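> next input, structure requested:
(one chain, ligands or ions: 2)
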Amino acid sequence: MSFFTPAHKPFLIAGPCSAESREQLWQTARGMAGLPLQLFRAGVWKPRTRPGSFEGKGAIALDWLQEIRQEFGFALAIEVAEAEHVELALQYGIDALWIGARTTVNPFQVQHLADALRGNDIPVMVKNPVNPDVDLWQGAIERIKTAGIKDVAAIHRGFSAYKTVNSYRNQPNWIIPVELRRRIPGLPIFCDPSHITGKADLVPRVAQKAMDIGFDGLMIETHSHPEAALTDAAQQLSPAGLKDLLQQLVIRKEIPSGSDGMLELEYLRQVADNIDAEIIDLLSRRMEISSQMGEIKRKNNMTAYQPERWREIMETRRSQGSRLMLDEQYISALWQIIHDESIRRQLEQPVQNSAKNQ
Ligand code: PEP
Ligand code: MN
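Residues are numbered from 1 along each chain as shown. Ligands and ions are numbered 1, 2, ... in the order given. Model (predicted):
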């Protein structure tokens with residue numbers, strides 16, 4: 001039984017983005033007292049995109065966190081990015097570690113961490129790399145496992161994109177964690193909706209989606225006073241917000257525990273989405289070609305509809321389809337629609353440049 005196997009879902013990790021002060025940790029933990037928390041998280045060293053912003057309190061925060069564990073009984077998780085962080089975390093008896101997205105991208109750095117972890121028995125979570133590369137994520141997990149760490153889990157926190165879509169801070173690309181789970185069956189996988197959305201009001205929706213797909217747990221940034229947070233202020237929930245989220249979270253009973261059925265379904269849906277997008281792309285190109293053919297026919301005084309050509313199209317498509325086990329009637333019906341649209345396009349008068357520019 002892995003440390004990360006939840007007795008009941010979700011395996012919950014919550015706490016502030018950064019440990020800012022003893023007072024802030026206490027207030028946050030007090031707000032969360034009584035919640036079914038498996039790990040209290042807090043960043044002690046913060047990887048910042050640009051220099052000059054708050055970079056964490058460092059080792060002193062480890063003292064504060066020990067007090068939180070003593071007072072509230074929460075097990076503790078922190079991010080490690082350097083071998084020295086691992087050594088200090090072990091020295092202070094931190095219960096679990098995570099490797100951040102900016103570290104997972106770098107195999108040298110992950111290997112340094114793996115070497116520092118060797119011979120120790122501490123659970124480790126590996127966040128996805130910032131770029132959507134499942135091999136890199138898998139590779140980081142393998143390095144940690146090869147160092148002898150038995151309890152390893154993955155955290156999906158979304159992927160950077162130049163342009164934000166859906167107003168999310170990081171794109172979820174659900175197919176990637178689903179693919180990781182296919183490659184490493186039984187790997188506990190958690191979702192971090194805080195870093196995916198970047199916005200507190202969107203966090204519950206993404207947390208629910210993760211549960212619907214069959215994720216095992218959630219990492220949710222929670223701060224006693226989110227608006228005053230020194231890092232990631234927009235995405236942190238208050239303890240009351242976390243309580244609401246948990247109350248509303250629906251854990252689907254029809255997913256038998258340990259089953260990958262929903263993950264499999266989500267994977268297949270994503271593959272179907274990609275195929276449909278290709279079909280639409282091909283249809284658009286097909287119609288573009290039809291318009292060009294229409295122009296040539298018009299110039300040569302030919303009718304758009306050519307019965308002989310139409311018979312040939314139907315025959316070739318039907319036999320091509322049946323070679324691939326596609327029903328002939330289905331192909332006939334489909335190509336009737338494609339051909340009708342093609343003829344309609346061919347009859348369309350080309351838009352004049354002068355009209356276009358108006
Ligand atoms: C964090 O958990 O606060 C953090 C820095 O996350 P990530 O590595 O996902 O950006
Ligand atoms: Mn954060």
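
> which outside residues touch the strand or helix carrying Met314?
Using DSSP states H and E, Met314 sits within helix 307-323. Residues outside helix 307-323 that contact it (Cβ atoms under 8 Å, 6 or more residues apart in numbering): Asp327, Glu328, Tyr330, Ile331, Ser332, Trp335, His339. Any C-beta I mention is one placed from the backbone N, CA and C, and that applies to glycine too.

> who's in contact with Gln270?
Trp174, Ile175, Val178.

> should've said Glu20
Contacts for Glu20 (Cβ under 8 Å, 6+ apart) come out as Phe54, Lys57, Ala229, Leu230.

> which residues touch the second one?
To tie it back to what came earlier, the one meant is Lys57. Counted by Cβ under 8 Å, 6+ apart, Lys57 has contacts Ser18, Ala19, Glu20, Ser21, Val44.

> make sure the second one is actually in contact with Gly43.
Yes - Ala19 is within contact range of Gly43, at 6.6 Å (criterion: Cβ atoms under 8 Å).

> list residues touching both of these two?
Gly56.

> and stretch 172-187, how far out from the chain middle?
In terms of Cα atoms, centre = their mean, to the nearest Å, the centre of stretch 172-187 is found 9 Å from the chain centre.

> scratch that, stretch 35-48 is what I was asking about
Put simply, stretch 35-48 sits 19 Å off its chain's centre (Cα atoms, centre = their mean).

> do that stretch and ligand 1 meet at all?
Yes - interface with ligand 1: stretch 35-48 contributes Gly43, Pro47 (Cβ under 6 Å from any ligand atom).

> convert that stretch to CSV, retaining C-alpha atoms only.
Output in CSV follows, covering the C-alpha atoms of stretch 35-48 (Å, rounded to 0.1, in the frame of the first residue of the first chain):
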residue,chain,number,x,y,z
LEU,A,35,-10.5,19.0,7.1
PRO,A,36,-9.5,15.6,5.7
LEU,A,37,-6.0,16.7,4.8
GLN,A,38,-3.3,14.1,4.0
LEU,A,39,-0.6,16.7,3.6
PHE,A,40,-0.1,20.4,4.5
ARG,A,41,1.9,22.0,1.7
ALA,A,42,4.0,25.2,1.8
GLY,A,43,6.8,26.4,-0.4
VAL,A,44,9.9,27.1,1.5
TRP,A,45,12.1,28.0,-1.5
LYS,A,46,10.1,29.6,-4.3
PRO,A,47,11.2,29.3,-8.0
ARG,A,48,10.3,32.7,-9.4
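
> could you measure from the closest residue to ligand 2 within the stretch 251-358 of the chain over to Ala154?
Residue nearest to ligand 2 within the stretch 251-358 of the chain (Cβ to the ion): Ile251, separated by 25.2 Å. According to Cβ to Cβ, to the nearest Å, Ile251 and Ala154 sit 20 Å apart.

> tell me the residues of the stretch 201-350 of the chain that contact ligand 2?
Counting by Cβ under 5 Å from the ion, the stretch 201-350 of the chain comes close to ligand 2 at Asp232.
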